[in-house]
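> Sequence plus predicted model, see below.
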Amino acid sequence: MADNAFWISSLTAGTAVLASWVTSRGTARAARIQADASANTQRTERQRETRRAAYATFIEQAQHMGELYWKVSDVLRAGDQEEQLPALRDLRFCLRDEYSRLRHFAWIVALEGPSEVAVAGETLRRSTTPPYRALLSVIEGDTDAAEMFNQCYEPYWQSVMIFVEAARTALQEM
C-alpha cells in the first residue's frame, strides 16, 4: 500500500506541475493578447486624433479662405472700380498667404489619409484657383470678372462640404 501511495502522490504532484505549467502558458498568452489589443487600441486612437487635428486645421483654413472670398464680394458690390482696386489688391495678397497655408495643410491631410480624404482635400485646394484668377481679372480691369468671381464661391464652398463629409466618414470608420 505504501508503494501505491507513493505512485498516487507522484502522479498527483506531476499533474499539479503540468496543470500549473499549462495555466501559466495560458495566462501569459492571454496577457500578451490583451497587451497587443490595448496597444492596437491606443495606436488607433492616436491615429484618429492626429487625423482629426489635421482635418480640423484644414477645414479652419478653408474657412479663412471663404471669409476672404466674402470680403472680396463685399468690396466688389461697393463703390466704383478705382476705389475698389487698393482693397482688392490687399485681399489678393491675403488670399495668396492663406492659400500657402491651405496648401501646406492639404499636404498634411494627404499624408494622414485615407485616399478619399486626400482626394477631397486636393479637390478643395484646386477649387481656389478659379476665384483667384477671377480676382486677378477684376484687378486687371475685366468688367465680367466680378460676376465670374461671385460664381466661383459656390463650387468652392461645395468642395469644402465634400471634404468635411469625407473626413467625417474616415474618422467614423476608424
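Done, it's in.
> what helix or strand does residue 43 sit in?
helix 2-77 (DSSP states H and E).
> any idea which residue sits dead centre in the chain?
Residue closest to the average C-alpha location in the chain (CA atoms, centre = their mean): residue 55, at 2.9 Å.
> Contact partners for it?
109, 112, 117, 163, 167, 170-171 (CB atoms under 8 Å, 6 or more residues apart in numbering). To be clear about C-beta, it is placed using only N, CA and C from the backbone, and glycine gets the same treatment.
> Can you select the buried ones from these in PyMOL?
To isolate the buried ones among the contacts of residue 55 in PyMOL, judged by 16 or more other CB atoms under 10 Å, type:
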select buried, resi 109+112+117+163+167+170
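> Now pLDDT, distance to residue 127 and secondary structure too, for the contacts of residue 55, in CSV please.
CSV is the format used below for those (pLDDT from 0 to 100; distance: CB to CB, whole Å; DSSP: H, G, I helix; E, B strand; the rest coil):
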residue, pLDDT, distance to residue 127, secondary structure
109, 97, 14, helix
112, 92, 20, helix
117, 97, 15, helix
163, 98, 10, helix
167, 97, 16, helix
170, 95, 20, helix
171, 94, 22, helix
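> Quick check: of the contacts of residue 55, which lies closest to residue 19?
Using CB to CB, residue 171 comes nearest to residue 19 of these, at 47.3 Å.
> Pass me the low-pLDDT residue ranges in the chain, would you?
1-3, 6, 13, 18, 79 (pLDDT under 70).
> Now do residue 24 against residue 125, distance only.
Relative to residue 125, residue 24 is positioned 57 Å away (CB to CB, to the nearest Å).
> Now for residue 136: which residues touch it?
residue 92.
> Same question for residue 44.
Applying CB under 8 Å, 6+ apart, we find residue 44 in contact with residue 174.
> wait, which of the contacts of residue 55 is closest to residue 129?
Among those, and counting by CB to CB, the member closest to residue 129 is residue 163, at 15.9 Å.
> Can you give me the distance of the closest one to residue 173?
16 Å.
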